[in-house]
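**Q** Requesting a structural model of the entry that follows:
(2 chains)
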2 protein chains.
Amino acid sequence: MPVNIPETGQPRVVIIGGGYGGITLGKALKKSPFQVIMLDKNNYHCFQPLLYQVATGGLEPDSIAFPLRKLFAKQKNFYFRMAEVERIDPALKRLYTSLGHVNYDYLVIASGGKTNFYGNEELEEKTQGMKNVPEALNLRSLILQNFEQANYERDTELRKALLNFVVVGGGPTGVETAGALAELKRHILPKDYPEMAVEEMNIHLIEGGDRLLAGMSEKSSEDSLKALEKLGVQVSFNTYVKGYDGHRLTTSDDVLNMSAETVIWSAGITGNIIPGLKPDVIERGRIQVDENNRILGYSDIFAIGYVALMKTEEAYPNGHPQVAPAAIQQGDLLAANLKAIQEGKMPEAFKYFDKGSMATIGRNKAVVDWKKLHLKGIIAWLGWMFVHLLYLIGFRNKLVVFANWVWSYITYDKGTRLIIRPYRKDEYLRVKQ
Amino acid sequence: MPVNIPETGQPRVVIIGGGYGGITLGKALKKSPFQVIMLDKNNYHCFQPLLYQVATGGLEPDSIAFPLRKLFAKQKNFYFRMAEVERIDPALKRLYTSLGHVNYDYLVIASGGKTNFYGNEELEEKTQGMKNVPEALNLRSLILQNFEQANYERDTELRKALLNFVVVGGGPTGVETAGALAELKRHILPKDYPEMAVEEMNIHLIEGGDRLLAGMSEKSSEDSLKALEKLGVQVSFNTYVKGYDGHRLTTSDDVLNMSAETVIWSAGITGNIIPGLKPDVIERGRIQVDENNRILGYSDIFAIGYVALMKTEEAYPNGHPQVAPAAIQQGDLLAANLKAIQEGKMPEAFKYFDKGSMATIGRNKAVVDWKKLHLKGIIAWLGWMFVHLLYLIGFRNKLVVFANWVWSYITYDKGTRLIIRPYRKDEYLRVKQ
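**A** A predicted model of the protein is given here:
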């Protein structure tokens, strides 16, 4: 049965996903001859770069998420359906979803990324992902539950395992999470748990390559390493995690095998691929597109943002960086191109405008690369905050997050150390999203 | 095994519960010869009067909850353990908890209230309670999921059931929830769901007695009824809910039997009674205490706040109102009395200072009773907001809630319409707290 969506007589653009690519495209199609339909399994847009602050008790989840209906409240040609897309049938120009099927004239896949466990089911089951709000809240509960238990635990070995936090992967998420944990140890633990020996808390960051923030400059790698080590994080390179049974971690370096009750997996992301496309367009979890973001071999299906792999630009032979600015720029151009195509005009080729990259390590500590410029310290940190506030959707959210940051900075405190839904390691039914 | 808590040599006061009574007592014992131990199954204090705003998308949960450890961070004689208390053994002066046992010199039961389903398991299973944060979040998810489904549902009967909201019980929680749902219908639904026929949404309030807000003045009952009816809420009196199978509601008045996908249960609260006391001290879900809040027949066990039933004051032959000010006043006096008892002095008798009562119905609409004074309209509404901000714990929380209210007032919008954890009616494992 088709999903109940009014037939307006307009050609239909169906967008899968309400991330940066999807919402930019949807907004840019406001004044267009199209009926715009957005499908997302959540009713909100989530600002993923700040999820680690939710997980470490710095921000409330509601301040980094924004209801999609509210975002498009005044757009007459826009229709939202909260649905999971199960399959594409390009021959019928049709999607199959959890609510029924949806026909399209143009389809845009903007389905983003998800945590990549490289097929290891044990790691998927036992480690903590951090790619969506429920996962971040689970991690927040687990961290606080471990503190509570460690506070009264008599068994020294178990207590140390409860206070041993392992972050796997030295990309921006891993670096930022390890930094936030180190700040919890330094500023919060002594206040909230005066009975506890703070030095028993350990934070490990395990990276498979030979440097942190591999996508950034060498200087950023060095600076972030120095900053993390100064905060007491134990960083290991050239080490792979082999397994984790929920208590014991095994790695490629036997010396690093250890007991830990919390392992955070930030070692990889892969595209959310929807079945139904020709298999040869998929390359390492991304969908190959031409310079107009059109999927190779299709005339009416496009991909933008994280899942799109465009190799046409000389400077980016392996595709563009999988960051918000790329998704936004592609969404914007695709809106113009869809209008052009509909009018029988030539679409324009995408050219990426590099806005640089950044990561924060903690209070007054961040690194920024912008073209040949490298910044660190408090200036980089202020820049990081400014850019993140800029990209955060919704004036109310910007205000709440800004107020929280100012508050934390002045008081050395964090907002919301609440265990709202206790996380049960063994019983937990993994939130599949 | 005893729970691991340092023996300080001080006499031990164990407080069960981190509600208003518990935290007031704990704070007031800061300068005392006692070791103070607080047990609560949550790691936070929750401001229950605003839970209905969380459930209806007006406030984020983190702004009405406050971490207990943070609240007592600087109090050297204070020890917190997140634990569920299972049984009291007065002969051994010992509590049995989910973490092990805890011995006491003085025990204070400040365990508050929980939703009363009067033993009806079907109602407990299928209706929505609203006495804690997870319950309020479940209700928020359910309301929004029902809106999403109604938006595309072709079956008219099912669509009406999805948009039929029944609130059972006309006390403050019921009145405030019905009012908030009416405001969702009026201000949010037309913006967020332009495809939907708003008039298909119905809000019923079913009350067993013959007036709303039975604990307040006749005038408040009348004014709140008028205000709710003006907002379009259908109020029924002298009607009892007999059953609800998750879809169909049956009542004592056959005309009111109806299909509804959401039934909110606010028809009663009862004390959280912990097993182990002599059964004859329990009366209708409350524990009988003397004028010093000492449980009848015990020398070293006290009860304060919601669970305490003190009949010594002439003006309150059936006990004091079960509201925050009573709990706070009892907590304060008990702190002084425990110190007196420890020094061999006479404890003082409790005298309740009535601070009046109030309820809000919606934008610019509230009722206040204070001694012989009755207020309504915008003045009552401003008073309601002021008092609730005053009682809300934590400067940061006050600020966030205040900002949210100002924002909502100006924009006619509400903050956080997020389905973070979808509520699954059939699979749901009830959060038992």
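**Q** Poorly predicted segments of the stretch 101-250 of chain A, please.
**A** Within the stretch 101-250 of chain A, no range satisfies pLDDT under 70.
**Q** for it, what spans make up the helices?
**A** A:121-126, A:133-152, A:156-162, A:172-183, A:189-192, A:218-230 (DSSP state H, counting those that start in this stretch).
**Q** ok, now how distant is residue A:58 from residue B:28?
**A** Separation of residue A:58 from residue B:28 (Cβ to Cβ, to the nearest Å): 31 Å. Using the backbone N, CA and C atoms, a C-beta is placed for each residue, glycine as well.
**Q** Which one of these two is surrounded by more residues?
**A** Between residue A:58 and residue B:28, residue A:58 has the larger neighbour count (other Cβ atoms under 10 Å in any protein chain shown), namely 22 against 19.
**Q** Quick check, the more buried one in contact with residue A:414.
**A** Yes - counting by Cβ atoms under 8 Å, residue A:58 does reach residue A:414; the two are 4.8 Å apart.
**Q** ok, back up a step: give me whichever of the helices of the stretch 101-250 of chain A is most buried.
**A** Of the helices of the stretch 101-250 of chain A, the one with the most neighbours on average (mean count of other Cβ atoms under 10 Å in any protein chain shown) is helix A:172-183, at a mean of 26.
**Q** which helices and strands does that one pack with?
**A** For helix A:172-183, the packing partners by 3 or more Cβ pairs under 8 Å, 6 or more residues apart in numbering or on different chains; DSSP states H and E come out as helix A:51-55, strand A:164-168, strand A:202-206, helix A:218-230, strand A:357-362.
**Q** Just the closest residue of the stretch 201-350 of chain A to chain B, please.
**A** residue A:201 (15.6 Å; Cβ to the nearest Cβ).
**Q** could I get the helices of the stretch 101-250 of chain A as JSON lines with distance to residue A:90?
**A** Below are the helices of the stretch 101-250 of chain A laid out as JSON lines (distance: least, Cβ to Cβ, whole Å):
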{"stretch": "helix A:121-126", "distance to residue A:90": "30"}
{"stretch": "helix A:133-152", "distance to residue A:90": "32"}
{"stretch": "helix A:156-162", "distance to residue A:90": "50"}
{"stretch": "helix A:172-183", "distance to residue A:90": "34"}
{"stretch": "helix A:189-192", "distance to residue A:90": "54"}
{"stretch": "helix A:218-230", "distance to residue A:90": "42"}
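**Q** of all those helices, which lies closest to residue B:99?
**A** helix A:133-152 (6.6 Å; Cβ to Cβ).
**Q** Now do the end-to-end distance for stretch A:122-140.
**A** Using Cα to Cα, to the nearest Å, the end-to-end distance of stretch A:122-140 comes to 21 Å.
**Q** Same check on stretch A:242-253?
**A** Across stretch A:242-253, the terminal residues are separated by 10 Å (Cα to Cα).
**Q** contacting residues around that stretch?
**A** A:120, A:122-123, A:126-127, A:161, A:166, A:206, A:236, A:238-241, A:256-261, A:263, A:425-426 (Cβ atoms under 8 Å, 6 or more residues apart in numbering or on different chains).
**Q** For that stretch, buried residues please.
**A** A:244, A:249, A:251 (16 or more other Cβ atoms under 10 Å in any protein chain shown).
**Q** if you look at these, which of them are in strands?
**A** If you go by DSSP state E, the buried residues of stretch A:242-253 have A:244, A:249, A:251 in strands.
**Q** Can you give me the distance of the last one to residue A:207?
**A** Same thing as residue A:251. 11 Å.
**Q** Please identify every residue contacting each of these two.
**A** residue A:239.
**Q** Give me every residue in the stretch 101-250 of chain A lying close to chain B.
**A** A:133-134, A:137, A:144, A:148, A:152-154, A:191-195 (Cβ under 8 Å from any Cβ of the partner chain).
**Q** How about the residues of the stretch 251-400 of chain A by chain B?
**A** A:396, A:399-400.
**Q** that older thread, please tell me how far the closest residue to the residue of the stretch 201-350 of chain A closest to chain B other than its chain neighbours sits from residue A:193.
**A** In space, and not counting its chain neighbours, residue A:201 is closest to residue A:163: 4.2 Å by Cβ to Cβ, 6 or more residues apart in numbering or on different chains. From residue A:163 over to residue A:193 the distance is 10 Å, taken as Cβ to Cβ.
**Q** who has more neighbours, these two?
**A** residue A:163 (26 against 18).
**Q** got the contact list for the more buried one?
**A** A:146-147, A:150, A:200-202.
**Q** gap between it and residue A:250?
**A** Distance, residue A:163 to residue A:250, using Cβ to Cβ: 20 Å.
**Q** for residue A:204, same thing?
**A** Counting by Cβ to Cβ, the gap from residue A:204 to residue A:250 is 13 Å.
**Q** secondary structure class for residue A:413?
**A** Under DSSP: H, G, I helix; E, B strand; the rest coil, residue A:413 falls in the coil class.
**Q** and the gap between the most centrally placed residue in chain A and residue B:424?
**A** Nearest residue to the geometric centre of chain A (Cα atoms, centre = their mean): residue A:48, 3.9 Å. According to Cβ to Cβ, residue A:48 and residue B:424 sit 25 Å apart.
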